[in-house]
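Student: Structure for the following, please:
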Amino acid sequence: MAAALEASVETVLADADLLGRTIDTFVMAQLRPEVAMTSRRLRIHHLRTKAGREEIDILIELPGGKLMAIEIKASATPSARDAKHLRWLRDRFPDRFVAGAVLHTGPDVIRLDESILAIPICAFWGPA
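Tutor: Presented below is the predicted three-dimensional model:
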């Protein structure tokens, strides 16, 4: 994405919006083939309410209609506020919501809620 925009690393890092969009694109580009290769029938969605008040970056629909939700943040210090839309989804669909995650750029796994964790992006796609 950055190459298509002819944006340098410095340009991306200096622009918070562009950095966030770049990280979102990276996560989705990594996640799509992994979901396609799983033996389970999973569907990936992006959710934004009609009014635009709530938005979920990645909504994974599991067999049986169960839901996992992911927010992606270009922040190394996630907080409970970063999970507000995940909590909204959980409260709206309590029987379907399995878990939520806030993927972030920091090093630590943080429990934000009983069913929501903040997880470093590198935990998924970093060195083993």
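Student: mean confidence for the lengthiest helix in the chain?
Tutor: Counting by DSSP state H, the longest helix found in the chain is helix 16-37. Averaged across helix 16-37, pLDDT comes to 85.
Student: before we move on, what about stretch 71-89?
Tutor: 95.
Student: quick one: contacts for the nearest residue to residue 97 once chain neighbours are set aside?
Tutor: Spatially, and ignoring its direct neighbours in sequence, residue 97 is nearest to residue 90 (4.2 Å; C-beta to C-beta, 6 or more residues apart in numbering). Any C-beta I mention is one placed from the backbone N, CA and C, and that applies to glycine too. Contact partners of residue 90, counting by C-beta atoms under 8 Å, 6 or more residues apart in numbering, are 69, 97, 100, 115, 116.
Student: With residue 123 instead?
Tutor: residue 109.
Student: Ramachandran coordinates for it?
Tutor: phi -70, psi -20 (degrees, to the nearest 10).
Student: What ranges does the chain have for its strands?
Tutor: In the chain, the strands defined using DSSP state E lie at 43-48, 55-61, 67-72, 97-104, 110-113, 116-120.
Student: closest one to residue 25 among these?
Tutor: Residue 25 lies closest, by C-beta to C-beta, to one member of those: strand 67-72, at 9.6 Å.
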